[in-house]
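Chemist: A structural model of the following input is requested.
(chains A and B)
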Amino acid sequence: MYTQALNEKAPSRDANAPPEDAKMLARFQAVVDAEDKIEPNDWMPPSYRRTLQRQISQHAHSEVIGMQPEGNWLTRAPSLKRKATLLAKIQDEAGHGLYLYSAAETLGMSREEYYEQLLSGRAKYSSIFNYPTLTWADMGVIGWLVDGAAIMNQIPLCRCSYGPYARAMIRICKEESFHQRQGYEIMVTLSRGSPAQKAMAQEALNRFWWPVLMMFGPSDKESMHSADSTKWKIKRFSNDELRQKFIDATIPQGQHLGLTFPDPNLKFNDATGHWDYGEIDWSEFRRVLAGDGPCNRQRMKARQAAEANGAWVREAARAHAEKRRQRSAAAKIAAE
Amino acid sequence: MTETATPLWEVFIRSRSGLPHKHCGSVHAADATLALQAARDVYTRRGESVSLWVVPSAEIVASDPDDKGELFEPTGTKIYRHPTFYIVPDDVGHM
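Modeler: Numbering: from 1, shown residues only, chains lettered A, B, ... in the order given. Just a heads-up that it's a prediction; the model follows:
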């Protein structure tokens, strides 16, 4: 998930690039059509490579930035159990970011270049992480809904045509299930607790519901999401299809909690067998994605500071490795 | 970015004793010790491993996918290398 910006515009095509070799292209498409995988050194159309570089790195950036809203509650988790769980979940997010950077690097761009794109603000990450986490209940809602939406989006990506991305997604999906279940457990506990706790759960759901629905990206009517991504078997379901699946799965879970959803138009449609829902405020979505959400600046600043403050550690590790290398080389010469 | 790039290492995991090490991804680290620690943190958070290998990515020699045909197709025609190529009379039983 977390690749909404992809829907904004298709990757720019280099007008001066030589035309893609028709024969190679046909062979490539045949592999994809046969549900076979494309691997790092295989020939691929430059636009396929660019799309994946963007998509996988945006996904990685989202995992990394996604640690911040949860990190906010680490020292204030209500029990040791919740704190251990939250810490494990945040470590998983870091791990997911690293699996994905590792997959993205196989496309011929370095880790440093991807980092640079994030830190300079050129690369996007999911809009959802630009919302603040104001109460403990937000940890429940994020696990239940944000990770729930992520799973909905990520499961089809396990079958993506690019091998390293598909393999990373399989690992991620396995771990993501823990995230969703621990979040829902927090919601169950709060909604069966005191009236104040239940109110806190409801308030968190009210704040996050619409931003979570935006995670699936613009509606199909507006989405410029490429026919290419579908043809290449990177994207298998449209934004609206995934959003509908998510809503259908989530409403009964919310009802079980005894909570309500902040959408007066939410109604089960007997004819379609799906939940109808109200219009999403797309102007908010565009604003947050463009950098003007409640926490965009804070998130970027924290990420830039982490990178800058870690520079001396990386430098020291490299100096140490170099010293060891020189010493062992000198010892070898002395022994000869 | 003026910083020197941190070397890349490929990570291989043995999930249970008796099984071979299997490639699972990569990490960046200044040296082998740090690479092993990073691999442990990134790829073995849920008991996935009883043994880890890290190998400098630059040291791996790989076949060229363009040579796939030349390298591997000749074995496709050598069906006589498989036991099912040979007919054993039914009454001989399992062999």
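
Chemist: CA only for contacts and neighbour counts going forward, please
Modeler: Fine.

Chemist: Quick check, pLDDT for A:A5.
Modeler: Per-residue pLDDT puts A:A5 at 49.

Chemist: B:G69 too?
Modeler: Model confidence at B:G69, given as pLDDT, is 83.

Chemist: residues near it, how many?
Modeler: Counted by other CA atoms under 10 Å in any protein chain shown, the residues lying close to B:G69 total 9.

Chemist: And for A:D42?
Modeler: Per other CA under 10 Å, the neighbour tally for A:D42 reads 11.

Chemist: Repeat that for the one 5 residues further on.
Modeler: Here the number of neighbours of A:S47 (other CA under 10 Å) works out to 17.

Chemist: what helices or strands is the helix or strand hosting it leaning on?
Modeler: A:S47 is part of helix A:46-65 when elements are defined by DSSP states H and E. Other elements packing on helix A:46-65 under the criterion 3 or more CA pairs under 8 Å, 6 or more residues apart in numbering or on different chains; DSSP states H and E are helix A:80-105.

Chemist: quick one, what contacts the closest residue to chain B within the stretch 1-150 of chain A?
Modeler: Residue of the stretch 1-150 of chain A nearest chain B, by CA to the nearest CA: A:G95 (5.2 Å). By CA atoms under 8 Å, 6 or more residues apart in numbering or on different chains, the residues touching A:G95 are B:41-43.

Chemist: tell me the angle of the helix of greatest length in chain B relative to helix A:80-105?
Modeler: For chain B, the helix that runs over the most residues, judged by DSSP state H, is helix B:32-43. Helix B:32-43 runs at 110 degrees relative to helix A:80-105, counting by axes from the mean of the first three to the mean of the last three CA atoms, to 10 degrees.

Chemist: Could I get the full set of strands for chain B?
Modeler: If DSSP state E is used as the criterion, the strands of chain B fall at B:8-14, B:22-28, B:51-56.

Chemist: one step back: of the contacts of A:G95, which is the nearest to chain A?
Modeler: B:V42 (5.2 Å).

Chemist: does the closest one really touch A:G97, like I thought?
Modeler: No: contact criterion CA atoms under 8 Å: B:V42 and A:G97 do not qualify, at 9.7 Å.

Chemist: which of those two has more neighbours?
Modeler: For B:V42 versus A:G97, the count of surrounding residues by other CA under 10 Å is larger for A:G97: 27 against 21.

Chemist: Now do the same for the residue lying closest to the more buried one once chain neighbours are set aside: its pLDDT.
Modeler: The shortest distance from A:G97 to any non-neighbouring residue, by CA to CA, 6 or more residues apart in numbering or on different chains, is to A:A60 (4.3 Å). Per-residue pLDDT puts A:A60 at 97.

Chemist: who touches A:A60 in this structure?
Modeler: By CA under 8 Å, 6+ apart, the residues touching A:A60 are A:96-98, A:100-101.

Chemist: Save those residues as TSV, and put in pLDDT too.
Modeler: Putting these into TSV (pLDDT from 0 to 100) gives the following:
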residue	pLDDT
A:H96	96
A:G97	96
A:L98	96
A:L100	96
A:Y101	96
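
Chemist: so where is chain B shaky, pLDDT-wise?
Modeler: By pLDDT under 70, the weakly predicted segments of chain B are B:1-2.

Chemist: Spell out which residues of it are next to chain A.
Modeler: Listed as neighbours of chain A in chain B under the rule CA under 8 Å from any CA of the partner chain: B:1, B:5-6, B:25-27, B:30-31, B:41-43, B:64-66.

Chemist: so which of the contacts of A:A60 comes closest to A:D276?
Modeler: Nearest to A:D276 among these is A:H96, at 33.1 Å by CA to CA.

Chemist: How many neighbouring residues does A:S57 have?
Modeler: The local packing of A:S57 (other CA under 10 Å) involves 29 other residues.

Chemist: ok, so what distance separates it from B:Q37?
Modeler: Plainly put, A:S57 is 24 Å away from B:Q37 if you go by CA to CA, to the nearest Å.

Chemist: what does stretch B:13-24 rub up against?
Modeler: Under CA under 8 Å, 6+ apart, the answer for stretch B:13-24 is B:10-12, B:43, B:48-53.

Chemist: Tell me if I'm right that A:F246 and A:A150 touch.
Modeler: No: with contact defined as CA under 8 Å, A:F246 does not count as touching A:A150 (9.6 Å).
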